[in-house]
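> Predicted model, plus sequence, below.
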Amino acid sequence: MDKKVVTRFAPSPTGKFHVGGVRSALYNYLYARKNGGKFILRCEDTDKERSKKEYEDYFLDVFKWLGLNYDEYYRQSERTAIYKKYLSKLIEEGKAYISKEEIKEEGQRSEVIRFKNPNIRINFHDEVLGDLSFDTTDSKDFIIARDLETPLFNFTNVVDDFEMGVTHVIRGQEHVSNTPRQILIGEAIGAPRLIYAHCSIILNEERAKLSKRDPLVLPALGYKEEGYLPEGILNFMSLLGWNPGTPEEIFTLKELVEAFSIERMQKQPAIFNVDKLHWVNKEHIKKLSGEEIEKNILAWLKPAYAGFRESILIKLIPVILERISKWSDVKNMAEKGELDFFFKQPEYDKSKLIYKNAALEKIVSNLGKAIVVLKNLDEKDFNKENIKTKLMDTADSLDSRGELLHPVRFALSGLDKSPDPFIIAEILGKNETISRLQKAI
């Protein structure tokens, strides 16, 4: 590649940064890093009425959390003199003009700056969509600034790309319609033609365009608050419109840099599938060290069980890890009381001990057998492997394993859905396990 790759991502600070924007930001980051180029973050805050510092701080926090480090940062509000220079030059050259406007509604300006449209056909190649052609006649003489001090999006975008040496524009397909106007402005100011790659549209699970109003979609930092890993979010978002060409689906950020290519970006819409997000995030949790997993689970668990020793809570970690896909699931389990049976004997309707159509007398007899075999286990050998061996040997001698395993599990947990009885018994310990089984009889 002859020219150094320069990409940019340019969010507007007019609201909390939407998670859908992470995908475009990520693709620009990956392409720049893979090609030894530069990644620019640009705050498009020329809308003085809607732009707020709190929203700028918000998306900066998003980039920090995700680890998408940028090489340069700019605010358009600090570049007014640059835009004014280019606007004045276009007016002087007759490529733009101050237009007297007929006031048709309240708040409309009496003067604006319009670009003098040459009314030509614009042809360009998109790296994802292929060759595209637009007749710009329909755009007429479009507005590029309210006045010399207040340029609009299409104009500032082109000027900044030119001034900053941007080579590649990677963005969503909803921006395709802006491209012909931006190319016209670029040619008018003497800017080179950029390389475009428009990402696929992201749809929700109802196959409608993803929006901030979707109930299953959070503002970007909402995922941090819910205990998703940044690696999980980046991995999931990378797969919405790109694939590596291999069966591999789990990537670190470094691995994404190595694997990413524009050629593997897809035209067809991508689906924001929350179940897939949970699976991807869970895979990244499983890649963490034992110490990191313990630290995070305890941080979310301790507030709900503040009165219990940490040594007791640590015993629950394997059970919890198996059942979560994000850290906030730990809190949700605790709030729903799904872990309470580890701390106090459950109260339940004894009819629920019955497995299918088995007679109550048979269930009671089977629980007695379980008590006998577990009593014969030494305290030091009372672990899930040995417990499983003893109980399974007994269960295999019955008409159905469920006639033993179901009542044992229910007697220990009091829940219709719970971990297997072997891990529960290990965590409870020998005395408590036998006590609960005896109570059930």
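Yep, that arrived.
> Break this protein down into its structural domains.
Domain ranges of the chain: 1-73+200-287, 290-342, 350-440, per automatic domain parsing.
> how long is the shortest one end to end?
What it means is domain 290-342. Using C-alpha to C-alpha, to the nearest Å, one end of domain 290-342 lies 22 Å from the other.
> circling back: residue 147: which of the domains of the chain is closest?
domain 1-73+200-287 (12.2 Å; C-beta to C-beta). The C-beta positions use only the backbone N, C-alpha and C, and glycine is treated the same way.
> looking at this structure, which residue lies furthest from center?
Of all residues in the chain, residue 361 has its C-alpha farthest from the mean position, at 52.3 Å, by C-alpha atoms, centre = their mean.
> Spell out the secondary structure type for it.
When classified by DSSP: H, G, I helix; E, B strand; the rest coil, residue 361 comes out as helix.
> Adding mean pLDDT, write the domains of the chain out as CSV.
Putting those into CSV (pLDDT from 0 to 100) gives the following:
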stretch, mean pLDDT
domain 1-73+200-287, 96
domain 290-342, 95
domain 350-440, 96
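> so which of the ones you listed comes closest to residue 178?
By C-beta to C-beta (comparing all of the domains of the chain), the closest turns out to be domain 1-73+200-287, at 12.1 Å.
> Measure how far that closest one is from the centre of its chain, please.
Here domain 1-73+200-287 is found 8 Å from its chain centre; the criterion is C-alpha atoms, centre = their mean, to the nearest Å.
> before we move on, back to that, what would the domains of the chain look like in CSV with distance to residue 97?
Output for the domains of the chain, formatted as CSV (distance: least, C-beta to C-beta, whole Å):
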stretch, distance to residue 97
domain 1-73+200-287, 21
domain 290-342, 55
domain 350-440, 71
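> Tell me which of these approaches residue 142 most closely.
Nearest to residue 142, of the domains of the chain and by C-beta to C-beta, is domain 1-73+200-287 at 16.4 Å.
> From residue 405, how far off is the residue farthest from the centre of the chain?
Distance, residue 361 to residue 405, by C-beta to C-beta, to the nearest Å: 18 Å.
> what's the answer for residue 141, then?
78 Å.
> Which one of the two is surrounded by more residues?
Shown here are residue 141 and residue 405; by other C-beta atoms under 10 Å, residue 405 has more neighbours (22 against 13).
> That one contacts residue 391, doesn't it?
Yes - using C-beta atoms under 8 Å, residue 405 is in contact with residue 391, at 6.9 Å.
> hey, what's in contact with both of the two?
residue 421 (C-beta atoms under 8 Å, 6 or more residues apart in numbering).
> what about the closest residue to residue 356 other than its chain neighbours, how many neighbours?
Among residues not flanking residue 356 along the chain, residue 402 sits closest, at 6.9 Å (C-beta to C-beta, 6 or more residues apart in numbering). Per other C-beta under 10 Å, the neighbour tally for residue 402 reads 14.
> Mind jotting down where the strands sit in this protein?
Along the chain, counting by DSSP state E, strands occupy 6-9, 38-43, 72-75, 96-100, 111-115, 121-126, 130-135, 143-147, 150-151, 168-172, 195-199, 202-203, 270-271.
> Turn the ones you listed into TSV, columns for mean neighbour count.
Below are the strands of the chain laid out as TSV (neighbours: other C-beta atoms under 10 Å):
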stretch	mean neighbour count
strand 6-9	24
strand 38-43	21
strand 72-75	14
strand 96-100	15
strand 111-115	18
strand 121-126	14
strand 130-135	12
strand 143-147	19
strand 150-151	22
strand 168-172	22
strand 195-199	21
strand 202-203	20
strand 270-271	17
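> Would you convert those into TSV that also reports distance to residue 264?
Output for the strands of the chain, formatted as TSV (distance: least, C-beta to C-beta, whole Å):
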stretch	distance to residue 264
strand 6-9	17
strand 38-43	19
strand 72-75	27
strand 96-100	40
strand 111-115	36
strand 121-126	15
strand 130-135	15
strand 143-147	36
strand 150-151	36
strand 168-172	13
strand 195-199	11
strand 202-203	17
strand 270-271	13
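> out of those strands, which comes closest to residue 56?
Shortest separation from residue 56 across the strands of the chain is recorded for strand 38-43, at 5.5 Å, computed as C-beta to C-beta.
> Using CSV, write down the CA coordinates of that closest one.
Only the C-alpha atoms of strand 38-43 are listed here, as CSV (Å, rounded to 0.1, in the frame of the first residue of the first chain):
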residue,chain,number,x,y,z
LYS,A,38,-3.4,5.9,12.0
PHE,A,39,-6.8,5.9,13.7
ILE,A,40,-8.4,9.3,14.4
LEU,A,41,-11.3,10.0,16.8
ARG,A,42,-13.1,13.1,15.9
CYS,A,43,-15.9,14.8,17.9
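> Who are the packing partners of it?
Secondary-structure packing of strand 38-43 (3 or more C-beta pairs under 8 Å, 6 or more residues apart in numbering; DSSP states H and E): strand 6-9, helix 20-34, strand 72-75.
> who wins for proximity to residue 229 among these?
Proximity to residue 229 (C-beta to C-beta) singles out helix 20-34 among these, at 13.5 Å.
> For the stretch 151-300 of the chain, just list every one of the helices.
Remark: helices assigned in the stretch 151-300 of the chain by DSSP state H, counting those that start in this stretch are 153-163, 179-189, 220-225, 230-238, 253-259, 274-286, 290-301.
> now, of the ones you listed, which is deepest in the fold?
Most buried of the helices of the stretch 151-300 of the chain by mean neighbour count (mean count of other C-beta atoms under 10 Å) is helix 230-238; its value is a mean of 23.
> nearest residue to residue 268 other than its sequence neighbours?
Closest to residue 268 by C-beta to C-beta, 6+ apart is residue 200, at 6.0 Å.
> residues contacting that neighbour?
Contact partners of residue 200, counting by C-beta under 8 Å, 6+ apart, are 128, 173, 240-241, 265-270.
> Dump those residues to CSV, plus distance to residue 112.
Below are the contacts of residue 200 laid out as CSV (distance: C-beta to C-beta, whole Å):
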residue, distance to residue 112
128, 34
173, 29
240, 38
241, 36
265, 37
266, 39
267, 36
268, 39
269, 36
270, 38
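> Next up, the contacts around the nearest residue to residue 90 once chain neighbours are set aside.
Nearest non-adjacent residue to residue 90, counting by C-beta to C-beta, 6+ apart: residue 96, 3.9 Å away. For residue 96, the contacting residues are 87, 90, 113-116, 144, 188, by C-beta under 8 Å, 6+ apart.
> Closest one of the residues you listed to residue 411?
Of all the contacts of residue 96, residue 411 sits closest to residue 144, with 75.1 Å by C-beta to C-beta.
> Please determine how far the nearest residue to the closest one once chain neighbours are set aside is located from residue 180.
Nearest residue to residue 144, sequence neighbours excluded (C-beta to C-beta, 6+ apart): residue 155, at 4.0 Å. Residue 155 sits 14 Å away from residue 180, going by C-beta to C-beta.
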